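Colleague: the following comprises the amino acid sequence and a computationally predicted model.
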Amino acid sequence: MGPVHDAGLVREIADAIHRYVLSHPDAADNIDGIHQWWLLPLLREEAPAFVEAAVQLLVIEGVLQQVVLEDGRVIYSSAQRRR
């Protein structure tokens with residue numbers, strides 16, 4: 001896979017995650033949980049690195065927020081999440 005294909009795949013995964021948080025605004029999980037539960041089965045087959053890149057893209061775009069818990073775990077949730 002070349003960089004152009006990779007960028008398209010990352011965007012596709014990012015769009016799927018964005019749709020998930022729009023439907024589930026209180027959802028919060030780590031990268032593994034996002035990969036397993038927030039994506040449709042076909043996208044779950046993609047490498048975790050693509051999911052992580054998609055999540056980081058959504059953090060940069062302001063769609064997701066990143067929270068580091070006291071124990072060091074990192075959780076992601078909608079940046080528009082109700083508090």
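Modeller: Received, thanks. Being a predicted model, the structure only gives us computed values, none of them experimental. Numbers count the residues shown, from 1 in each chain.
Colleague: ok, longest helix in the protein?
Modeller: Counting residues, the longest helix found in the chain (DSSP state H) is helix 3-23.
Colleague: how far does that helix sit from its chain's centre?
Modeller: Here helix 3-23 is found 8 Å from its chain centre; the criterion is CA atoms, centre = their mean, to the nearest Å.
Colleague: out of the helices and strands in this protein, which is least certain?
Modeller: helix 3-23 (a mean of 91; mean pLDDT, DSSP states H and E).
Colleague: next, the buried residues of that one.
Modeller: 9-10, 13-14, 16-18, 20-21 (16 or more other CB atoms under 10 Å). No exception for glycine: its C-beta is placed from N, CA and C like everyone else's.
Colleague: cool, stretch 36-53 as well?
Modeller: 38-39, 43, 46, 50-53.
Colleague: OK, contacts around Gln66?
Modeller: Taking CB atoms under 8 Å, 6 or more residues apart in numbering as the criterion, Gln66 is in contact with 59, 74-76.
Colleague: from the residues you listed, list just the buried residues.
Modeller: By 16+ other CB under 10 Å, the contacts of Gln66 give Tyr76 as buried.
Colleague: spatially, which two of the contacts of Gln66 are the most separated?
Modeller: The most widely separated members of those, counting by CB to CB, are Val59 and Ile75 (11.8 Å).
Colleague: sec struct for the spatially most central residue of the chain, please.
Modeller: Nearest to the geometric centre of the chain sits Val55, at 3.6 Å (CA atoms, centre = their mean). What DSSP: H, G, I helix; E, B strand; the rest coil gives for Val55 is helix.
Colleague: quick one, what contacts the closest residue to it other than its chain neighbours?
Modeller: Nearest in space to Val55, with sequence neighbours left out and distances taken as CB to CB, 6 or more residues apart in numbering, is Tyr76 at 5.7 Å. By CB under 8 Å, 6+ apart, Tyr76 lies in contact with 28-31, 34, 55, 58-59, 64-67.
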